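Asker: turn this into a model:
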Amino acid sequence: MATTQAGSLRLTQYAHGGGCACKIPAGELEQIVAGLHGSIPAPSAEVIVGLDDGDDAAAVRVADGLAAISTADFFTPVVDDPLAWGRIAAANALSDVYAMGGTPVMAINLVGWPRDVLPIELLTEVLRGGLEVATEASCPVIGGHSIDNPEPIYGMAVTGTADPDRLLRNDAAAPGLPISLTKPLGLGILNNHHKSTGTMHDEAVAVMTTLNRNASQAALAAGVRAATDVTGFGLLGHLYKMCRASDVAAVIDAAAVPYVAGAREALAAGHVPGGSRRNLEWVRPHLLAEDVSEEELILLADAQTSGGLLVVGEVPGAPVVGETVAAGSLGAGVRVQVR
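Answerer: Numbering: from 1, shown residues only. So this is what the prediction gives:
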């Protein structure tokens, strides 16, 4: 870990929140889009994945054996280093395509910048970071859109392709399967600690800038059908959404879940994003966790930025953190049990 030098400009201080913890809460978001279902005009291409189950991206069939995947993701600074922020935001945006089992083929930048407050040179570094990660993904970045904005914002809209018969989706989970997690948790808590203290968590940055490409390819090779990435709604929130879409329940072994070094210490010091607390309150009515501490539940609900894939199936090299079980086996309704 390294601490930001005194007197240096800190990007995180120009935003009210950071990373995917800035998301509109899951419950509110579902209310917002609820009225849109059925209001979409007749499509010119077959919609394979749309609004219904809160998947990571939209998918349409454009030809036999070919689906187009489309997504957009952006957020305020999660770290003070502009190059690192650009890399994290790009990896996070590309992740939605990987979470669907797709391959990114092009991206465009999405930028909001307080041009009278922050130097333009910093924005150049942000865009350079995004380009570096997109290049690693063999995904060209072609233009974009920018606005003058009170808070700095950066992300990407990404287009990808996939085999429509091998999409990884929220509604395809079956009971009796292991649940794998391909990146450790605790990123939201550590980012909150960084914003408050200036302490840079190198391992957290490394996790956030790692592409989910290899995990996606491994899941497809293993015959997995259901997956999502763990971002702003935390492991519990994203798992609950998958269980609800698939009409299954799930059991999580809290002791098997990996965390980035320092996450528990930062939590004990009180560094918890508001988004993580909102996640837990949203999923709590569907949660069975009698013997699990509130601190452990906060960790499991922690709002991640550019987190890993949550996979219903076994992924080589990834820890198994639980299993799916039949709907109703844990009580009425869709339930997630933590033990």
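
Asker: pLDDT weak spots in the stretch 151-300 of the chain?
Answerer: Within the stretch 151-300 of the chain, no stretch has pLDDT under 70.

Asker: quick one: the helices in it, in order.
Answerer: Assigned by DSSP state H, counting those that start in this stretch, the stretch 151-300 of the chain shows helices spanning 187-197, 202-208, 213-221, 234-246, 263-268, 274-283, 294-301.

Asker: compile those into a markdown table and extend it with columns for mean neighbour count.
Answerer: From N, CA and C alone the C-beta is placed, and that goes for glycine too. Compiled in a markdown table, these are given as follows (neighbours: other Cβ atoms under 10 Å):
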| stretch | mean neighbour count |
| --- | --- |
| helix 187-197 | 26 |
| helix 202-208 | 20 |
| helix 213-221 | 20 |
| helix 234-246 | 25 |
| helix 263-268 | 18 |
| helix 274-283 | 22 |
| helix 294-301 | 20 |
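
Asker: and Leu118, which of those is closest to it?
Answerer: Taking Cβ to Cβ, helix 187-197 is the member of the helices of the stretch 151-300 of the chain nearest to Leu118, at 16.2 Å.

Asker: CA atoms only: put that closest one into PDB for me.
Answerer: Only the C-alpha atoms of helix 187-197 are listed here, as PDB (Å, rounded to 0.1, in the frame of the first residue of the first chain):
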ATOM      1  CA  LEU A 187     -13.400  -3.800  -3.200                       C
ATOM      2  CA  GLY A 188     -16.100  -1.300  -2.200                       C
ATOM      3  CA  ILE A 189     -14.900  -1.200   1.400                       C
ATOM      4  CA  LEU A 190     -11.300  -0.700   0.300                       C
ATOM      5  CA  ASN A 191     -12.200   2.000  -2.200                       C
ATOM      6  CA  ASN A 192     -14.200   3.800   0.500                       C
ATOM      7  CA  HIS A 193     -11.100   3.600   2.700                       C
ATOM      8  CA  HIS A 194      -9.000   5.000  -0.100                       C
ATOM      9  CA  LYS A 195     -11.400   7.900  -0.600                       C
ATOM     10  CA  SER A 196     -11.400   8.700   3.100                       C
ATOM     11  CA  THR A 197      -7.700   8.300   3.800                       C
END
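
Asker: who does it touch, helix- and strand-wise?
Answerer: helix 202-208, helix 263-268, helix 274-283 (3 or more Cβ pairs under 8 Å, 6 or more residues apart in numbering; DSSP states H and E).

Asker: show me what the last one is packed up against.
Answerer: When you say that, I think you mean helix 274-283. With contacts taken as 3+ Cβ pairs under 8 Å, 6+ apart, helix 274-283 sits against helix 26-34, helix 187-197, helix 234-246, helix 294-301.

Asker: save those helices as JSON lines, and put in distance to Val111 too.
Answerer: Below are the helices and strands packed on helix 274-283 laid out as JSON lines (distance: least, Cβ to Cβ, whole Å):
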{"stretch": "helix 26-34", "distance to Val111": "23"}
{"stretch": "helix 187-197", "distance to Val111": "21"}
{"stretch": "helix 234-246", "distance to Val111": "27"}
{"stretch": "helix 294-301", "distance to Val111": "30"}
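
Asker: and of those, who's closest to Thr161?
Answerer: Of these, nearest to Thr161 by Cβ to Cβ is helix 234-246, at 23.0 Å.

Asker: tell me the angle the closest one makes with helix 294-301.
Answerer: Interaxial angle of helix 234-246 relative to helix 294-301 (axes from the mean of the first three to the mean of the last three Cα atoms, to 10 degrees): 60 degrees.

Asker: run through the neighbouring helices and strands of helix 234-246.
Answerer: Contact analysis of helix 234-246 by 3+ Cβ pairs under 8 Å, 6+ apart lists strand 226-229, strand 248-252, helix 274-283, helix 294-301, strand 309-312, strand 336-338 as its packing neighbours.

Asker: any chance of the helices and strands packed on helix 187-197 in CSV, plus distance to Arg244?
Answerer: Shown next, in CSV, are these (distance: least, Cβ to Cβ, whole Å):
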stretch, distance to Arg244
helix 202-208, 27
helix 263-268, 27
helix 274-283, 10
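
Asker: out of those, the one nearest Ile252 is which?
Answerer: Among these, helix 274-283 comes nearest to Ile252, with 11.4 Å by Cβ to Cβ.

Asker: okay, angle between that closest one and helix 234-246 too, please.
Answerer: Angle of helix 274-283 versus helix 234-246, following the same axes, to 10 degrees, is 40 degrees.

Asker: return the alpha-carbon coordinates of helix 274-283 using PDB.
Answerer: C-alpha atoms of helix 274-283 as PDB (Å, rounded to 0.1, in the frame of the first residue of the first chain):
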ATOM      1  CA  GLY A 274     -23.600   3.500   1.500                       C
ATOM      2  CA  GLY A 275     -24.300   1.300  -1.500                       C
ATOM      3  CA  SER A 276     -23.200  -1.800   0.500                       C
ATOM      4  CA  ARG A 277     -25.600  -1.100   3.300                       C
ATOM      5  CA  ARG A 278     -28.500  -0.400   0.800                       C
ATOM      6  CA  ASN A 279     -27.700  -3.700  -0.900                       C
ATOM      7  CA  LEU A 280     -28.000  -5.600   2.300                       C
ATOM      8  CA  GLU A 281     -31.300  -4.000   3.200                       C
ATOM      9  CA  TRP A 282     -32.700  -4.800  -0.200                       C
ATOM     10  CA  VAL A 283     -31.900  -8.500   0.000                       C
END
